[in-house]
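Peer 1: need a structure here:
(chains A, B and C)
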Amino acid sequence: MSQIEINNLCKTFRVPEREGGFWAAVRSVFRRRFRDVRAVDDVSFQVDEGEIVGFLGPNGAGKTTTLKMLSGLLHPTAGEAKVLGHVPWRREAAYLRRISMLMGQRSQLHWDLPAIDSFLVHSAVYDIPADDYKKTLDELVQLLDLGDVLKKQVRSLSLGERMKCEICVSLLHRPAVLFLDEPTIGVDITMQTRIRQFIRNYNRKHGATIILTSHYMADVTALCKRLIVIDHGHILFDGSLEALSEKLAPFKVIKIDLDRELDGYDLATLGEVLSVEQRKIALRVPKADAAAVTSRLLTDLPILDLTIEDPPIEDVISRVFGQPKSEPKQPANASSAVSGGAAR
Amino acid sequence: MSRVVRVFLAYLRAKIGVMLQYRGEILLWSIWGIINPAVLYAMWSAAASGNENQSIAGLDRGGFAAYYFVMMIVGHLTGAWDVYHLGYLIRSGQLSPMLLRPVLPIWETLADNLSYKITTLMFVVPMWALFAWLVTPRFETSLWQVGMGFIAVLLGAGLNYMLCHTAALLAFWATKLDAMGEIYFGLCMFLGGRFAPMNALPGPILAIAEYLPFRWMFAFPTELLIGKIASMNEALIGVVIQSVWLVGVVILYRLMWSVAVKRYTAVSG
Amino acid sequence: MVRALRLMTLFVQVSVQNFTAYRFDFFVRGLMSLIHVGAELVAVWTIFNNTQSLKGWQWQHMLVLVGVYRIIAGGIRISIVPNMRKLLDEIREGTFDFVLLRPVNAQFLVSIREFVIWRLTDVFLGSAAAAYGCYSLLGHVPVKQTFVFIMMLAAGFAIVYSVWLMLATLCFWFIRIQNIEMVFWNVFEAGRYPIVIYNPWVRWVLTFILPLAFITTFPAGSLLGDPATGVPPSAPYYALLIATVLLLLSGWFWRFGLKRYAGASA
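Peer 2: Presented below is the predicted three-dimensional model:
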């Protein structure tokens, strides 16, 4: 049974425009120009109970706008949505009580107070019975390893600690649907891993439905079986991780292990050279050419071992969007090493 | 053209661009400079009408209208608020990049000050005109007083700016500068002639005001411009006193600044 | 209702805790309150150094007015200003979204989250000034009028709240008007003096358009019950009426602004 169901959702914004410079500033005093921007354009999808869905796309693709409409913060220009049987933008208390939205770049904690005080306020705002509050808090404190972090002033917390508190406060009322907008932004790799782990465990234990957006591909690949890719407000793809790499990456990576070093053989005519480590070489070739290139390699070179693989999903997506990855693998250096080796 | 002047003009141009972007906000700021003197005009002319000779401190209704009309303009032209602004720049860390530039930060804050005064003119001039039309001020000003008044306004503006900026340097030591700011503005109100003409102040307060620079920033230019300072001699003495204060405050600023920067670089490293 | 009260008590508690963390401020702030009142007393001194009466208001009347001004200004700074500042900051920074995610009436929530407790000093000092003015004029503090006075203060406070809510709501359209607070204090400035000092049309505006008269002059006059102050005996009824109308109006405007924020009416 789908918990989230949206049909032909659209959102158009009107933004003022101005060129730089002194006279443009003077002119804009008298006349302002506007431009219509379609942030979300005819988006439809469904999410079932307990699913974790990754929402991917470059900056400004419409991810956050969609999440805001689903959480009732924005009213769409057109289209319909139902979450847990409610129309989100009616903002009924009964609906708001059952969802939560975490925005990684914005804090919902009181800066000057210890986090525990913000939690207390939260429990009053959501009218959480004292027993439930205590139980949930104990559980979350243990799972997130919060301990005495709660008693420190929020402004003095590290980013990672603060993010854990933000996650904790978002879950105190045990939401059935969770919108996570960049939940790991800015925190270090180990903390990212722990937050991911927590989200996965939470989803398993409580069966919460989760929609997640992230800049870090690792978040998405680790957590989401299903991905929705959005760009310029349109859905480009909706399906499993494997299907996505199939669709977006018409490439194969051929890895070969050589008997002896290359001697002036020009690999670049066969495909893009990804790396050369002594006698191990990786090549990227179009899917259609994979068979032909393989046979060429086998006849031309003294090959000990050969494998054909799909490229890693991070590479695929960052190639599509030109986004940075969480751990860059320095392909530029690798290829320069190849040309150096080829010259030798 | 010297380098500092060129840099200052560049700042001024940029700041005016910024001010124009924030025109809504600065309009709101400039309203205070209209409302405060207008309210005080209403209050003092009401008070004067209760007296037998219909006047207070030599000013009747028309006289108060002239006094507060001119004070409105003088207050706008000589205004300074660095005592708030600089503290904010220090606390928010915006001062550090300013210290990196090869020009004293005071030129940048001065450009802020002037750009505000220039850009708000398009709002305040019509309001001044409206106020004058409504209250019909009576002037007894001759041409030489206008000329001297112009000089006195310039000196008053310089004096207030420098003193306000120098007082603001205390932000390098104290964290709570809002209190300082309020005291500074309070002194301008009561000892500078903005609340009441100097002659209407109770004796003890007037006695204090004599020894402080505030009256030379506001009251003196205003009195000159409404023709209350009758002799050229008195006007010249006033301008000399203004100049002496200005020189003194500039020296104080240089001393304070060198100490303050040493402290800033030592503490916030 | 019970829940609303509980929520409010909790916010006050949190504010008090927050305040005790910054105890040093209290002394600086207390001093500032004293300086403010001192400045206002100097103003009264200066005025009555030059005249006997300000259109029927003697120095004792003026002391009561100074007191009322302080009490209301204090009340505004205890709750209205900090809450509205927080609201404006949140709208600018985008964290206002979190308010809308809460299952509580948004107007209620944004109005009760912050309390600046130490500003109570303004209320105490203002009450002292008003009581002293009243006592030196009448020789006693009249009980019945004091009740009317407190009711009028409450109505005045409700009027100020409504005006503030409407000003803050404007922020949904013009995100950068942080200085809206300046506008309020600018207009409020005119309430330092009895409205009889203004010419008839300004007086009319300050009574019916920007109902400043109901916030300072009328409460002060109703405590003294002195016809010389020019405050009509019917003022308390009008105060209640205007407060009710403005509360309704501002609530409607707020909801209209929220719709605009969510992009429903853009």
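
Peer 1: what residues sit buried inside the host helix or strand of residue B:259?
Peer 2: Using DSSP states H and E, residue B:259 sits in helix B:232-268. Across helix B:232-268, burial judged by 16 or more other Cβ atoms under 10 Å in any protein chain shown covers B:235, B:238-239, B:242, B:245-246, B:249, B:253, B:256-257, B:260-261, B:264. No exception for glycine: its C-beta is placed from N, CA and C like everyone else's.

Peer 1: in terms of pLDDT, where does residue B:17 sit?
Peer 2: On the pLDDT scale, residue B:17 is placed at 86.

Peer 1: how many residues are close by it?
Peer 2: 18 (other Cβ atoms under 10 Å in any protein chain shown).

Peer 1: for it, give its distance to residue C:133.
Peer 2: Separation of residue B:17 from residue C:133 (Cβ to Cβ, to the nearest Å) stands at 51 Å.

Peer 1: swap in residue A:23?
Peer 2: 58 Å.

Peer 1: the two: who's more crowded?
Peer 2: Using other Cβ under 10 Å as the criterion, residue A:23 and residue C:133 rank with residue C:133 on top: 25 against 9.

Peer 1: residues contacting the more buried one?
Peer 2: By Cβ atoms under 8 Å, 6 or more residues apart in numbering or on different chains, the contact list for residue C:133 reads C:60, C:61, C:62, C:63, C:64, C:65, C:66, C:67.

Peer 1: count residues in the vicinity of the last one, would you?
Peer 2: Spelled out, it's residue C:67. If we define neighbours as other Cβ under 10 Å, then residue C:67 has 27 of them.

Peer 1: so it sits against residue C:122, correct?
Peer 2: No: contact criterion Cβ atoms under 8 Å: residue C:67 and residue C:122 do not qualify, at 10.3 Å.

Peer 1: check which helices and strands the host helix or strand of residue B:72 is in contact with.
Peer 2: Element membership for residue B:72 (DSSP H and E) is helix B:61-78. Judged by 3 or more Cβ pairs under 8 Å, 6 or more residues apart in numbering or on different chains; DSSP states H and E, helix B:61-78 is in contact with helix B:23-49, helix B:105-135, helix B:143-168, helix B:219-225.

Peer 1: with mean pLDDT added, can I get those in CSV?
Peer 2: Formatted as CSV, the helices and strands packed on helix B:61-78 follow (pLDDT from 0 to 100):
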stretch, mean pLDDT
helix B:23-49, 89
helix B:105-135, 93
helix B:143-168, 95
helix B:219-225, 97
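
Peer 1: quick one, which of those is nearest to chain C?
Peer 2: helix B:23-49 (3.8 Å; Cβ to the nearest Cβ).

Peer 1: how about the closest one, does it reach chain A?
Peer 2: Yes: counting by Cβ under 8 Å from any Cβ of the partner chain, chain A has neighbours in helix B:23-49: residue B:23.

Peer 1: ok, residue A:12 - contacts?
Peer 2: The contact partners of residue A:12, taken as Cβ under 8 Å, 6+ apart, are A:36, A:37, A:38, A:39, A:77.

Peer 1: regarding it, what is its secondary structure?
Peer 2: Here residue A:12 is strand, with the state taken from DSSP: H, G, I helix; E, B strand; the rest coil.

Peer 1: which pLDDT does the model give it?
Peer 2: 89.

Peer 1: count of neighbours near the closest residue to it other than its chain neighbours?
Peer 2: Spatial nearest neighbour of residue A:12, excluding adjacent residues (Cβ to Cβ, 6 or more residues apart in numbering or on different chains): residue A:77 at 4.7 Å. For residue A:77, the count of nearby residues is 19 (other Cβ under 10 Å).

Peer 1: do I have it right that residue A:77 meets residue A:11?
Peer 2: Yes: here residue A:77 lies in contact with residue A:11, judged by Cβ under 8 Å, at a distance of 5.2 Å.

Peer 1: what's the overlap in contacts for those two?
Peer 2: With Cβ under 8 Å, 6+ apart as the test, residue A:77 and residue A:11 both reach residue C:263.

Peer 1: residues of chain B that sit close to chain C?
Peer 2: Checking chain B against chain C by Cβ under 8 Å from any Cβ, the hits are B:22, B:24-25, B:28-29, B:31-32, B:35-36, B:39, B:42-43, B:46-51, B:56-57, B:176, B:179, B:182-183, B:186, B:189-190, B:195-196, B:200-202, B:205.

Peer 1: and what about residue C:263, helix, strand or coil?
Peer 2: coil.

Peer 1: leaving out chain neighbours, which residue sits closest to it?
Peer 2: Residue C:263 sits nearest to residue A:75 (Cβ to Cβ, 6+ apart), 4.8 Å away.

Peer 1: pretty sure that neighbour contacts residue A:89?
Peer 2: Yes: if you go by Cβ under 8 Å, residue A:75 and residue A:89 touch, sitting 4.7 Å apart.

Peer 1: backbone phi and psi for residue 225, please?
Peer 2: No chain in the question, so chain A it is. As for residue A:225, its main-chain torsions (degrees, to the nearest 10) stand at phi -80, psi -20.

Peer 1: that's the wrong chain, I wanted chain C
Peer 2: The phi/psi pair for residue C:225 (degrees, to the nearest 10) is phi 60, psi 30.
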